[in-house]
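Visitor: starting from these lines, generate the structure:
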Amino acid sequence: MKKIALITGASSGIGKEFAKIHAEKGGDLVIIARSEDKLKALKTELETAHKIHVTVIAKDLTDPKAPQEIYNEVTAANIKVDYLINNAGFGGLGRFDQRDLQTDLNMIQLNISALTALSHHFLQDFVARNEGKILNVSSTASFLPGPLQAVYYATKAYVTFFSNAIAEELHDTNVSVTNLMPGATATEFGSVSGMDKTNLFDKTASARSVAEDGYNAMLKGDLDVISGLTSSQKFMMKMLPFMSKKAILKRVRKMQTVS
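Guide: The predicted structure is shown next:
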């Protein structure tokens, strides 16, 4: 029987690659993003190439009502979701006091609240069936505070710790929760957030390679997977436990200062 994956933020970047990977394996899809035109184009592409079925749901997940509406729509259509991939999210560069507050509140709504609500809705079904997998897209940013991206880093710290906690809560079930932590990746995220102008985005991983790492880890039921780091970034991650908090903050701020 075909597995059905529900993917948020599926119109571009890592989310679009998740959809392609799942379709290549013969799985049906529910794809979600704001852009209905992009979703419909992806639906046509994947259905034609792989003879699968793709359901399109155009929703803005910064709307607090969207997660419940998505769940209701999927349930009404008798779609049994097997994999929930919470990929949608965005960031933004700048000093917190100088940024637009509503933009950052929308970021919290999307990166945290929508992910939490969708996880809750579908997790109840997974537990009732004693099967299902959740993949939450966090970031290597979740390891440390992020001066000049204070809210984004904080939201990703939530995603990592939330994912790990509920994974342990489900230890005696056949339901798994995997946390994907990409480094800088070649997607629209860089240009939208402004990060493409910083040193952190000098070298980026491909969206396909990151999606493959996350998808494969989800299938195995892994707890965490880190993807897309350069050698110097891997070295820095290993050094974090030996650095003072002030040194970390200063280093991150410098890396995120537009040159």
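Visitor: what stretches of the protein score poorly on pLDDT?
Guide: 185-204, 259 (pLDDT under 70).
Visitor: report all helices and strands that the longest helix that the chain contains contacts.
Guide: Determined from DSSP state H, the single longest helix within the chain is helix 150-169. Under the contact definition 3 or more CB pairs under 8 Å, 6 or more residues apart in numbering; DSSP states H and E, helix 150-169 sits against helix 101-108, helix 115-129, strand 132-137, strand 175-182. Every C-beta, even on glycine, is put in place using the N, C-alpha and C of the backbone.
Visitor: among the ones you listed, which is nearest residue 219?
Guide: Nearest of the helices and strands packed on helix 150-169 to residue 219, taken as CB to CB: strand 132-137 at 7.3 Å.
Visitor: nearest to residue 22, of the helices and strands packed on helix 150-169?
Guide: Judged by CB to CB, the one of those that comes nearest to residue 22 is strand 132-137, at 10.7 Å.
Visitor: check contacts around residue 53.
Guide: By CB atoms under 8 Å, 6 or more residues apart in numbering, the contact list for residue 53 reads 28, 29, 47.
Visitor: helix or strand for the closest residue to residue 9 other than its chain neighbours, which one?
Guide: In this structure, residue 9 finds its nearest non-sequential neighbour in residue 88, 3.2 Å apart by CB to CB, 6 or more residues apart in numbering. Under the criterion DSSP states H and E, no helix or strand holds residue 88.
Visitor: now swap in residue 81 and tell me
Guide: Applying DSSP H and E, one finds residue 81 in no helix or strand.
Visitor: ditto for residue 61
Guide: Element membership for residue 61, per DSSP H and E: none, as it lies in no helix or strand.
Visitor: quick one: which of the helices and strands packed on helix 150-169 is nearest residue 159?
Guide: strand 132-137 (5.4 Å).
Visitor: surely residue 73 touches residue 57?
Guide: Yes. If you go by CB atoms under 8 Å, residue 73 and residue 57 touch, sitting 6.0 Å apart.
Visitor: give me the more crowded residue out of the two.
Guide: residue 57 (19 against 15; other CB atoms under 10 Å).
Visitor: helix, strand or coil: sort out the more buried one for me.
Guide: Using DSSP: H, G, I helix; E, B strand; the rest coil, the structure places residue 57 in strand.
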